[in-house]
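In: this is a predicted model, with the sequence first.
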Amino acid sequence: MQNAQTSHSLLVELLTEELPPKALYPMGQAFAQGIFHILQQKQLIEANNEYQVFATPRRLGVLIKNVLKQAPEKQFKERLMPVHVGLTEDGQMSEPLRKRLESKGLAHLGLDDLVKENHNKQAFFFAVGSAPGEKLSQTIQKAIDYTLEHLPIPKVMRYQLADGTTNVRFVRPAHGLIVLWGHQVLPAQALGLTSGNKTEGHRFMSSGFIEIKHADDYESTLKEKGFVIARFDKRRQLIQEQLTEKCLELEADLGNPAEVDTLLNEVTALVEYPTTYVGTFDSQFLALPSECLTIAMRLHQRYFPLFEPKSNQLTHRFLIVSNMQLDDPTNIIEGNERVVRPRLADAGFFYDTDRQLPLSQRVESLRDSIYHNKLGSQYDRVKRLQRLSGHIAELLGADPKIAERAAFLAKADLNTLMVGEFPELQGIIGAYYAQADGEPPAVCTALRLQYALRLTEPINDEHLVAAVLFIAERLDTLVGIWGIGLAPTGERDPYALRRAALGLISAYEQLEKGGYFNQHQLTLEPLLTFTAQGFKDGVLAKNTLEEVAQFIYERYRNALVQQQIPRAVVDAVLSTQPPLAQVPARIQACLAFAQKQEAQSLAEVNKRIGNILQRAEGKTFKINKSLLNAPAEIALSQQLETLAPKAIAQFKALDFTASLSTMAQFKKVVDRFFDEVMVMDEDLNLRHNRLALLEKLHRVMNLTADISKLAK
């Protein structure tokens, strides 16, 4: 006979119509974690219990090992109420105490069962004892309800149940529910379904219901009888292996790993029993820009285009991940080839039609395309980008006319047939059209890179104009969108301002790596001011520039912390709002300084000096050497005269590590100063002179970073 401590594996499966592929993986994880969370909360499983996640196009499920039939007894000690409230005048249980016990499920207890204890100098009644643990049969319904309520569903639909009257809401209609503990079905309900131990297999390769006799048999039974590989990770791995095998056979390559990875995840969410086949298309389509073909295949058809490994040139072959395994897949292959042919033909028609009008002649049509009703048309935006790009080009030593030409053509492809059909080609197809029109190579490169998430390579002369347009585009977006009151809130960021800020930061970093800031400057605040001047008066909110600058530095702070850089170091550098291009070098210098023995002591001293100067209410004083009388303050003054110019020169030469190392030499003399000198002397002349000395020291100490942030 089973006892309360009996444990078995628990299987929960929800069978549905086809789930949204891009949401399948997170929903599968959330489904498993939701069930696990409630069982752990009720002490029916250990925190380190194993569990397996199941997620296919038609099901969400989880298998959790070693789930108890009933949780262990729990000891409790419940404070009820003061003794004088719990007793009547004749010493009997009062009505308030009786109701309190009933509300806590302890109505069976009498006065003799309660304990009196003093708490805060007052006597209280306590209920002490043990309570039986929760039963799995009672908890499983709570776990299912909690899990369904917390699923990350992208869009809920309403549908009617078989009774013809009841409506329920879920991501897709549900058709089956399994709740199996070992071999025993546990009673539960969800979305109008009652739990059982039967499921369905592959929609086409399996027929009828499949009985799951034991929870541990679920995965193997579903594969053998239902032709379903239930685990997302196993299907993904199988598809990856099949793709690799086909590439080896065909001596081909899948192309960009990031794009392949994204497509692989989506395809895994579309099939339950994957098999890979090879398809082909007419090689005449290879005359089109390769991006047109790859986007048509990857995004629209979920095919894997194949490339020549050495040249990375697109070939006329592609891989199809099918949900059917057939001895003769001819119909599947030919069917997919028939599907892809008109898509590529459309791309060819759009390309040929678009090419009949030069890109430059399309700019005028942007007057009819609204960018934002408060910021004008796309044509208005182009004019702002032209002005801004010319200015940035001058600052960086690029050709302003080439930069302005790139900005003039930047949005010209928005009204093309190709972008209308394939929005993902914005900028890319414009670069092809510009090249065909004979535009300068720098212009074509700028058009191609303008929508990149980040610049990832050090900027060289070939890509300088591209960096100019990239920066201009993001500045216009940040200032304009923020200025009309559309700043990001919480998780909402419809205009991708966070991404724009990170893109801008990446441009500064890559320009620095390319050596452009050795002779040129691109200071953020003046650049934001120049950007704002391109908008009509009254469009932007009053504090837009200050808020945008703060937002950019905050995004930089988050990005650096995510790179595992200590937050104290990040705060020390960014609290001074240094030029963006100098942030990486200052971070490295601050990291090196933080390892020095003197660092912690100087950080604490710096913080102390800052507090002292704060009490001076921002007043500034000049050092009067004739008032220096204490040996310690004379020594500090002499060292300042010796080391401060050196640290400042190193700082101006952008050698931040050397500047901080020079500053570290102040430790002994500063320690002596605070040991021997009273800064806030009653003599105001001495006090002001010593404050002036500390003020000068504070400036030198914080040239590279506010090192007080390093104090623990």
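Out: Yes, it's here. These numbers come from a predicted model, not from an experiment.
In: from Asp437, how far out is Thr199?
Out: Plainly put, Thr199 is 59 Å away from Asp437 if you go by Cβ to Cβ, to the nearest Å. Yep, even glycine has a C-beta here, placed from its N, CA and C like the rest.
In: pLDDT score assigned to Gln519?
Out: pLDDT for Gln519: 65.
In: can you check Glu617 too?
Out: Glu617 is given a pLDDT of 62.
In: in stretch 556-575, what counts as buried?
Out: Tyr556, Arg557, Ala559, Leu560, Ile565, Ala568, Val569, Val570, Asp571, Ala572, Val573, Leu574 (16 or more other Cβ atoms under 10 Å).
In: stretch 444-459 now?
Out: Quick answer for stretch 444-459 (16+ other Cβ under 10 Å): Cys444, Thr445, Ala446, Leu447, Arg448, Leu449, Gln450, Tyr451, Leu455, Ile459.
In: from what I can see the second one touches Asp461, true?
Out: No - the pair Thr445 / Asp461 is not scored as a contact, 11.0 Å apart, by Cβ atoms under 8 Å.
In: returning to that earlier point: more crowded one of Thr199 and Asp437?
Out: Of the pair Thr199 and Asp437, Thr199 is the one with more neighbours under other Cβ atoms under 10 Å, namely 27 against 16.
In: does the more buried one count as helix, strand or coil?
Out: strand (DSSP: H, G, I helix; E, B strand; the rest coil).
In: name all residues that make contact with it.
Out: Shown in contact with Thr199 (Cβ atoms under 8 Å, 6 or more residues apart in numbering): Glu13, Leu15, Arg59, Gly176, Ile178, Phe209, Ile210, Ile212, Leu222, Gly226.
In: let's see it at 6 Å
Out: Glu13, Leu15, Gly176, Ile178, Ile210 (Cβ atoms under 6 Å, 6 or more residues apart in numbering).
In: beta partners for the closest residue to the fourth one other than its chain neighbours?
Out: It stands for Ile178. Leaving out its chain neighbours, the residue that sits closest to Ile178 by Cβ to Cβ, 6 or more residues apart in numbering is Glu13, at 4.1 Å. For Glu13, the beta-bridge partners are Gly61, Ile178 (DSSP bridges).
In: element containing Lys77?
Out: Lys77 belongs to strand 74-82 when assigned by DSSP states H and E.
In: which helices and strands sit right next to that strand?
Out: Under the contact criterion of 3 or more Cβ pairs under 6 Å, 6 or more residues apart in numbering; DSSP states H and E, strand 74-82 touches strand 122-131.
In: residues of the strand it packs on that come out buried?
Out: Those would be Phe124, Phe125, Ala127, for strand 122-131 by 16+ other Cβ under 10 Å.
In: what average pLDDT does the next helix or strand after that strand get?
Out: Counting by DSSP H and E, the next helix or strand C-terminal to strand 122-131 is helix 136-149. Mean per-residue pLDDT for helix 136-149: 95.
In: list the buried residues for helix 136-149?
Out: Those would be Leu136, Thr139, Ile140, Gln141, Ala143, Ile144, Thr147, Leu148, for helix 136-149 by 16+ other Cβ under 10 Å.
In: contact partners of that helix?
Out: Residues outside helix 136-149 that contact it (Cβ under 6 Å, 6+ apart) are Phe31, Gly34, Ile35, Ile38, Lys42, Leu44, Lys69, Val179, Leu186, Ala188, Ala190.
In: narrow these to just the buried residues.
Out: Buried among the contacts of helix 136-149 by 16+ other Cβ under 10 Å: Phe31, Gly34, Ile35, Ile38, Lys42, Leu44, Lys69, Val179, Leu186, Ala188, Ala190.
In: distance from the chain centre to the longest helix belonging to the chain, please.
Out: Using DSSP state H, we find that the single longest helix of the chain is helix 330-354. Put simply, helix 330-354 sits 36 Å off its chain's centre (Cα atoms, centre = their mean, to the nearest Å).
In: off-centre distance for the following helix or strand past that helix?
Out: Using DSSP H and E, the helix or strand that follows helix 330-354 in sequence is strand 370-372. Chain-centre distance of strand 370-372: 27 Å, with Cα atoms, centre = their mean.
In: likewise for stretch 80-97?
Out: With Cα atoms, centre = their mean, you get 57 Å for stretch 80-97.
In: quick check: end-to-end length of it?
Out: End-to-end distance of stretch 80-97 (Cα to Cα, to the nearest Å): 7 Å.
In: which residue sits farthest out from the middle of the chain?
Out: In terms of distance from the mean C-alpha position of the chain, Asp90 ranks first, at 66.4 Å (Cα atoms, centre = their mean).
In: how does the protein divide into domains?
Out: Using automatic domain parsing, the domains assigned to the chain come out as 7-71+135-226, 75-131, 232-354, 359-564, 582-710.
In: pull out the buried positions in stretch 574-589.
Out: Leu574, Pro578, Pro579, Leu580, Ala581, Gln582, Val583, Ala585, Arg586, Ile587, Ala589.
In: of those, closest to Arg231?
Out: Taking Cβ to Cβ as the measure, Arg231 lies nearest Ile587 of these, at 41.8 Å.
In: hang on, the earlier thing: of the buried residues of stretch 556-575, just say which sits nearest to Leu19.
Out: Ala559 (33.3 Å).
In: where does the stretch 501-650 of the chain dip in pLDDT?
Out: 519, 617-619 (pLDDT under 70).
In: contacts made by the helix or strand encompassing Leu502 with the rest, please.
Out: Leu502 belongs to helix 497-513 when assigned by DSSP H and E. The contact list for helix 497-513, computed with Cβ under 6 Å, 6+ apart, reads 454-455, 458-459, 467, 470-471, 474, 477-478, 488, 552, 555-556, 580-581.
In: try 8 Å this time
Out: Contacts with helix 497-513, where a contact means Cβ under 8 Å, 6+ apart, come from 396, 452-459, 467, 470-471, 474-475, 477-478, 481-482, 486-488, 493, 517, 522, 551-552, 555-556, 559, 580-585.
In: just the buried residues of it, please?
Out: Buried, per 16+ other Cβ under 10 Å, within helix 497-513: 497, 500-512.
In: rewinding a little: what is the nearest of the buried ones among the contacts of helix 136-149 to Gly110?
Out: The nearest member of these to Gly110, counting by Cβ to Cβ, is Lys42 at 29.1 Å.
In: how about that closest one, nearest residue that isn't a chain neighbour?
Out: Distances taken as Cβ to Cβ, 6+ apart put Glu134 closest to Lys42, at 4.4 Å, once the chain neighbours are dropped.
In: isn't that neighbour up against Leu44?
Out: Yes - at 6.8 Å, Glu134 counts as touching Leu44 under the criterion of Cβ under 8 Å.
In: hang on, the earlier thing: let's see which of the contacts of helix 136-149 end up in helices.
Out: Phe31, Gly34, Ile35, Ile38.
In: okay, those residues in TSV with pLDDT and distance to Ala162 next?
Out: Converted to TSV, those look like this (pLDDT from 0 to 100; distance: Cβ to Cβ, whole Å):
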residue	pLDDT	distance to Ala162
Phe31	97	24
Gly34	96	26
Ile35	96	26
Ile38	94	28
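In: I'd like to know which of the residues you listed is nearest to Leu693.
Out: Closest to Leu693, out of all of those and judged by Cβ to Cβ, is Gly34, at 62.8 Å.
In: residue contacts, that closest one?
Out: With Cβ under 8 Å, 6+ apart, Gly34 has these contacts: Ala143, Tyr146, Thr147, Leu148, His150, Leu151.
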